[in-house]
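Asks: with the input below, show me the fold.
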Amino acid sequence: GTGKTTTVAACAEAWRAAGYRVVGAAVKGEAARTLAAATGIECETVAWYLAHTDPTSLPLDARTILVVDEASTLSDRNLDSLMTMATTTGASLRLIGDPAQHGAIAAGGMFRVLCERHAQQTPELTTTHRLQNPHDRAAAQALRDGRIDEAFDELATAGHLHVASDDLTMYRHVLGHWWDAHRSGLDHPMVDRRNSTRRELNRLAHLLRRVNGELGDEEIRASGGRAFAAGDRITARAPNRDLHVEGDRHAYVRNGAIGTVVAVHQDHRANLGDTLTVAFDGIGLIEIPRSFFDLHRTSAGRPEVGIDHAYALTSYAVQGSTHDISTSRVDATATRAETYVDITRGRHENHLY
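Replies: Numbers count the residues shown, from 1 in each chain. Predicted coordinates:
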């Protein structure tokens with residue numbers, strides 16, 4: 001919340017004025033789309049750049065500046081590949097991010113090492129603009145500095161630290177806080193690091209909306225006990241370039257994209273014919289077949305579901321997002337980076353359970 005993207009937009013304008021071509025990248029597809037929307041530069045995923053390794057047609061050249069957002073999530077192997085491509089072509093690489101936030105899923109950490117070893121050559125934005133509550137702001141700074149007890153004290157002073165005695169109490173309080181905010185028009189995801197908790201919170205949130213008449217009457221059942229109806233908020237948990245807005249192949253399903261189910265279509269002759277029409281935020285209307293939203297195996301043999309409810313997300317998934325308020329859960333296994341991300345999402349309130 002220090003204005004990194006706003007700063008990148010100003011830099012990109014200056015670089016273009018100097019005759020450079022400015023492009024962007026991010027590990028997550030939705031992060032790349034958000035960077036493009038905020039800065040006006042053409043953005044793709046890191047995976048897209050790494051797939052274009054033909055030395056006769058590399059996507060960079062000596063007049064190109066590649067901005068990599070959320071660079072803390074970049075694995076060392078992928079960073080090395082991007083640096084090799086930049087060295088080969090003469091392009092410039094600019095890494096933007098926060099080393100205190102989540103690192104790469106694969107082996108990583110080089111972005112943090114570069115920031116620490118070359119502090120004098122690393123511009124840093126230090127004023128937090130997102131967090132409006134002074135206690136939340138102080139808690140975030142204390143947590144960033146490793147002063148854990150002080151961070152929790154600041155949250156407690158703000159009334160934003162809640163201790164639950166057991167899982168049942170936790171579910172009731174987290175869900176209740178989210179529901180009150182939702183009914184007040186302050187939609188935001190509940191955040192938890194564990195997929196099992198995330199799935200349970202999503203199931204309960206869907207049921208709450210359904211019994212309160214907020215969802216369509218017709219439901220499509222999916223693997224894992226999930227059900228989707230018109231009005232459900234969903235997120236893409238995997239990318240698929242073959243699923244895109246009609247007539248626009250660039251407006252495709254990106255990993256992390258959020259949207260609303262606007263219609264369900266059940267094929268009563270064959271289950272596989274079921275589809276969901278989803279209005280993805282900032283992308284458009286896309287038809288999602290059961291072969292994608294149900295449990296399936298990727299080309300690499302890995303099981304995945306293409307979409308899931310977006311009422312509860314992992315801490316990794318919400319990195320980079322901004323909401324009016326935030327509701328997150330941590331336990332003894334939580335990392336400092338995870339908790340730091342959790343308590344820096346909400347402008348006005350950041351509740352930690």
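Asks: who does the strand or helix carrying residue 144 touch, helix- and strand-wise?
Replies: Assigned by DSSP states H and E, residue 144 belongs to helix 134-145. Using 3 or more Cβ pairs under 8 Å, 6 or more residues apart in numbering; DSSP states H and E, the elements in contact with helix 134-145 are helix 148-158, helix 336-342, strand 346-352. Bear in mind the C-beta positions are built from the backbone N, C-alpha and C, glycine included.
Asks: chain neighbours aside, what residue packs nearest to the residue most central in space within the chain?
Replies: Relative to the mean C-alpha position of the chain, the nearest C-alpha, by Cα atoms, centre = their mean, is the one of residue 317, at 3.6 Å. Using Cβ to Cβ, 6 or more residues apart in numbering and skipping the chain neighbours, the partner closest in space to residue 317 is residue 256 (6.1 Å).
Asks: just the pLDDT for the one you found.
Replies: Per-residue pLDDT puts residue 256 at 89.
Asks: tell me how far it lies from residue 200.
Replies: As for residue 256, its distance to residue 200 is 21 Å (criterion: Cβ to Cβ, to the nearest Å).
Asks: so for those two, which residue has more residues nearby?
Replies: Neighbours were tallied for residue 256 and for residue 200 using other Cβ atoms under 10 Å; the higher tally belongs to residue 256 (26 against 17).
Asks: list the contacts for the more buried one?
Replies: By Cβ atoms under 8 Å, 6 or more residues apart in numbering, the contact list for residue 256 reads 28-31, 235-236, 317.
Asks: give me the element it is part of.
Replies: Per DSSP H and E: residue 256 is located in neither a helix nor a strand.
Asks: what does the one 4 residues further on give?
Replies: Using DSSP H and E, the secondary-structure element containing residue 260 is strand 258-265.
Asks: packing partners of that strand?
Replies: When contacts are defined as 3+ Cβ pairs under 8 Å, 6+ apart, strand 258-265 packs onto strand 226-229, strand 233-236, strand 275-280.
Asks: nearest to residue 75, of those?
Replies: Of all these, strand 233-236 sits nearest to residue 75, with 21.0 Å by Cβ to Cβ.
Asks: which secondary structure elements does that closest one contact?
Replies: strand 258-265, strand 275-280, strand 307-309.
Asks: redo these as JSON lines? Include mean neighbour count and distance to residue 298.
Replies: Shown next, in JSON lines, are the helices and strands packed on strand 233-236 (neighbours: other Cβ atoms under 10 Å; distance: least, Cβ to Cβ, whole Å):
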{"stretch": "strand 258-265", "mean neighbour count": "18", "distance to residue 298": "21"}
{"stretch": "strand 275-280", "mean neighbour count": "21", "distance to residue 298": "20"}
{"stretch": "strand 307-309", "mean neighbour count": "24", "distance to residue 298": "14"}
